[in-house]
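Novice: curious how this folds, go ahead:
(one chain, ligands or ions: 1)
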Amino acid sequence: MIWIHNRRLLAFCVAAFLFAGRGFAGDSAAEWAAVVTPTKTLAGQSIGGYAAGCIGGAVALPLSGIGYQVMRVSRHRYYGHADLIRFVRHMGEFVADEGLGSLLVGDLGQPRGGPTPSGHRSHQTGLDVDIWFLTLSQSNNRLLTEHEREVWRAPSMIKADSGKIDHEQWTDADAKILQMAASQPEVDRVFVNPGIKRELCERNADLSAAWLRKIRPWWKHDDHFHVRLKCPDGNSHCNNQEPLPEGLGCGASLAWWFSKEAQLPGRKTQSPQPALPALCEQIINGEALAQQ
Ligand SMILES: [Zn+2]
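Specialist: Numbers count the residues shown, from 1 in each chain. This is a model prediction of the structure:
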C-alpha cells in the first residue's frame, strides 16, 4: 500500500472510493456556467470524459501573453488543466518566435469544467482548446481591445460553395501552427474541417509525417482548430478518447467526409448530455475536496 502523505490527495482518494461506480445525473449546464472559481483541490484533476466530465484545480489562462490573446473573455471559458495552459503558452511563444503574429484563443473550459450552455459538447475536462486560424499576422499584430475580443469573428478557411480551402485566407503559417500543435507529445488529436485535412494531406506528399495522423477531420472547424490533450499523468479518473485509427487518415476515411452520406443532416444531430461521473458532484458543490 502506498503511503499517502498528502491529506488533500487522501481526501480525494476517499471521495473517489465512496463515489466510484455511482453516476451523477449532472446539474444543468447553466449551473456549471454560473460557478466562477475553480476548486483549489490538488494540482489539476480532469475527471470523466471530454464530453461528460469536469475538472478540479483548474488554472486560468492569463488573458494576454507572449504570442496569444484570449477572445470572448465574457464567456469565462479560459480555464483548463495546468497542462493545457502550458500548451497554449508554448504555442504562443512558438508563434511569436517564428514572427507569425498572435494566436487568438477561443474557448478552453469553465472554471470547473462541465457542460457549457452553448457552443460545445466537449471542453468539459479542461483538456480542450479552440484556437482561431491565424488572423493577426505579424504585419497587423497588436493587442486587441476588450470590445474587439467580444465582436471579432473568426474568418473561415473554407469556400462555402466548394468546401475547398480558401487561399485568400489560408497561409503557410496556418499549416506550420497546426504541425507544431499536433507534434506536441501531450496532444491527443487536433480537429479541423475536412477541407483543411485534405489540404494538409495533399501538401505532405511523402505522408511520413506522424503529426498528420493526429489531425482529424470533423464538422465545422473551418474557422478554428480544436486541440485535445491526452489525460495528464496521475489523473486516474480521466477517460481518454479511443486511440487514433491506424494510418494518417488521408485515404478512404477522409474521402468519406466528402461523400453524400456525410452531408446528410442527421449525421450532425447530437445525443443528450450523458451523466457525469459521481465525483463531479463533489466538484460542482465546491470545496468539499478543496477544504480538506
Ligand atoms: Zn472546440
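Novice: got the contact list for the spatially most central residue of the chain?
Specialist: By Cα atoms, centre = their mean, the mean C-alpha position of the chain lies nearest to Asp128, the distance being 1.7 Å. By Cβ atoms under 8 Å, 6 or more residues apart in numbering, the contact set of Asp128 is 50, 80, 84, 107-109, 120, 122, 226-229. Heads up, the C-betas are built off the backbone N, CA and C, glycines and all.
Novice: now do it, the pLDDT please.
Specialist: pLDDT recorded at Asp128 is 98.
Novice: same question, Cys13
Specialist: 45.
Novice: low-scoring pLDDT stretches of the stretch 101-250 of the chain, where are they?
Specialist: 205-208 (pLDDT under 70).
Novice: show me what residue of it gets nearest to the ion.
Specialist: Nearest residue of the stretch 101-250 of the chain to the ion: His226, at 3.6 Å (Cβ to the ion).
Novice: excluding its backbone neighbours, what's nearest that residue?
Specialist: Phe191 (4.1 Å; Cβ to Cβ, 6 or more residues apart in numbering).
Novice: wait, a strand at that neighbour?
Specialist: Yes - judged by DSSP: H, G, I helix; E, B strand; the rest coil, Phe191 forms part of a strand.
Novice: show me what counts as buried in the helix or strand hosting Glu148.
Specialist: Element membership for Glu148 (DSSP states H and E) is helix 146-151. By neighbour count on 16 or more other Cβ atoms under 10 Å, the buried set for helix 146-151 is Arg149.
Novice: contact partners of whatever helix or strand comes next after that helix?
Specialist: Downstream of helix 146-151, the next assigned helix or strand under DSSP H and E is helix 172-183. Contact with helix 172-183 is made by 91, 94-95, 98, 100-101, 103, 131, 133-134, 137, 157, 187, 189-190, 192, 196, 199-200, 203, 209, 211-212, 214-215, 225, 227, as judged by Cβ under 8 Å, 6+ apart.
Novice: please spell out the ChimeraX selection for the buried subset of those.
Specialist: Buried members of the contacts of helix 172-183 can be picked out in ChimeraX with the line below, counting by 16+ other Cβ under 10 Å:
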select :91,94,95,100,101,103,131,133,134,157,187,189,190,192,196,199,200,209,211,212,214,215,225,227
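Novice: in strands, which of the contacts of helix 172-183 fall?
Specialist: 101, 103, 131, 137, 187, 189-190, 192, 215, 225, 227 (DSSP state E).
Novice: same for the lengthiest helix in the chain, what does it pack against?
Specialist: Looking across the chain with DSSP state H, the single longest helix is helix 82-97. The elements that helix 82-97 packs onto, with contact taken as 3 or more Cβ pairs under 8 Å, 6 or more residues apart in numbering; DSSP states H and E, are strand 59-60, strand 68-70, strand 101-105, strand 128-132, helix 172-183, strand 224-229.
Novice: returning to that earlier point: just put the ones in strands among the contacts of helix 172-183 in JSON lines and tack on distance to Asp161.
Specialist: JSON lines is the format used below for the ones in strands among the contacts of helix 172-183 (distance: Cβ to Cβ, whole Å):
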{"residue": "Gly101", "distance to Asp161": "28"}
{"residue": "Leu103", "distance to Asp161": "29"}
{"residue": "Ile131", "distance to Asp161": "26"}
{"residue": "Ser137", "distance to Asp161": "26"}
{"residue": "Val187", "distance to Asp161": "32"}
{"residue": "Arg189", "distance to Asp161": "29"}
{"residue": "Val190", "distance to Asp161": "26"}
{"residue": "Val192", "distance to Asp161": "19"}
{"residue": "Ile215", "distance to Asp161": "24"}
{"residue": "Phe225", "distance to Asp161": "22"}
{"residue": "Val227", "distance to Asp161": "29"}
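Novice: which pair of those residues spans the longest distance?
Specialist: Ser137 and Arg189 (26.3 Å; Cβ to Cβ).
Novice: between the helices and strands packed on helix 82-97, which gets nearest to Pro272?
Specialist: strand 128-132 (19.7 Å).
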